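# Okay, sequence plus prediction incoming.
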Amino acid sequence: MVSVIVITAGLSGYFKQCIDSVRNQAAAALEIIVIDNSLEEKYHLSIQKDYPDILLYTSPKNLYYCQALNIGINMSSGDFILCLNDDVVLEKDFIRNCLKAFDLDKRIGMVSAKVLRPDKRIIDTTGLFLSIWRTAKDRGYGSADCGRYENEEYIFGVNGAAAFYRKCMLDQIKIDAEYFDTEYNIFYEDLDIAWRAHNLGWKCFYMPSAVAYHARGQTVRRNVGVGKSRARLYLNNELNYDLIKNRCLTIIKNESLLGFLLHLPFILIYDIFSLVYILLFRPVVLKKLFLQPIPVKSAFRKRRKISIKKVR
């Protein structure tokens, strides 16, 4: 059984294309779960009317991405979990090809597809890597799909827009009752999962024959920023705060002491540039960092719990 969890904010016309592409998959035993995070009173009624066979959860409040995914995973019954943004469309053999990757090794807990932009020419991601700045780097981001990323291979992690996970991996790496850290809201949650999984011995595999299309930024950026690089320029102040906070939490929870010392110069350089940016263009974010400090104590508590899982 594959459980497909689609989070929708009801902000774009992509939802129907996404669900239809899931329903058309050449794979047996699919369970589709939709988390309606639109906050629109009657939006869920249209979903029920068009897709009476799906499992639907409608939230009365903004759950943010991590909270919504946790609810979806808890509702699921599949051995594999595919987490999708509602602005993603899958090719017909997407799920079947990803499952082939999982069959290669029982320690493969994550599978990344080749994700292109809607024009089918430009790469959105071919998997996540951990940069020297301790940020998530999408491999191939913004480059032309010219055959460079056609090899099946091990990588670091999978982008959250179309993230395929082995359920038993998620069960092992969860902290308390949370798979995704709800202190994140959105951003860096995919890197946190990947890094946490690697620390506990899991692997990620890239499967280029599994192809999807992603209209990046539909739900969180202003219309002018859809599909563009330098995402933070198009995000509101709240989301810029999350970018800073979540990177810090991810490093605290997952980085080794040696890794931190080796990368400290790069971390500081990145932080200096971030500070200059918010001072010049986002002073409200700086104020928010003082009024709502990053929950460092909570991150260290979670780090200790991850360390205990390592020992076991």
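The structure has been received and is ready for your questions. Numbers count the residues shown, from 1 in each chain.
# Quick one: mean pLDDT for the one helix or strand residue 67 maps to?
Using DSSP states H and E, residue 67 sits in helix 64-75. When pLDDT is averaged along helix 64-75, the result is 96.
# And for stretch 91-101?
So the average pLDDT for stretch 91-101 ends up being 97.
# Quick check: buried residues in it?
91, 94-95, 97-99, 101 (16 or more other CB atoms under 10 Å). From N, CA and C alone the C-beta is placed, and that goes for glycine too.
# How about stretch 267-280?
Judged by neighbour count using 16+ other CB under 10 Å, the buried positions of stretch 267-280 are 267, 270, 274, 278.
# just the helices in the stretch 51-200 of the chain please.
Taking DSSP state H, counting those that start in this stretch as the criterion, the stretch 51-200 of the chain carries its helices at 64-75, 94-102, 167-173, 189-199.
# Tell me which of those sits most buried.
Mean neighbour count, computed with mean count of other CB atoms under 10 Å, is highest for helix 189-199 among these, reaching a mean of 25.
# so residue 213 touches residue 121, yeah?
No. Taking contacts as CB atoms under 8 Å, residue 213 lies outside contact range of residue 121: 10.6 Å.
# which of those two has more neighbours?
Legend: neighbour count by other CB atoms under 10 Å for residue 213 and residue 121, higher for residue 213 (22 against 10).
# before we move on, the earlier item: can you tell me which of the buried residues of stretch 267-280 end up in helices?
Mapping those onto helices (DSSP state H) picks out 267, 270, 274, 278.
# Of all pairs in those residues, which one spans the longest distance?
Largest separation among those by CB to CB: 267 and 278, giving 16.5 Å.
# While we're on residue 39, how confident is the model there?
Here, the pLDDT recorded for residue 39 equals 86.
# got the contact list for it?
Neighbouring residues of residue 39 by CB atoms under 8 Å, 6 or more residues apart in numbering: 10, 59-62.
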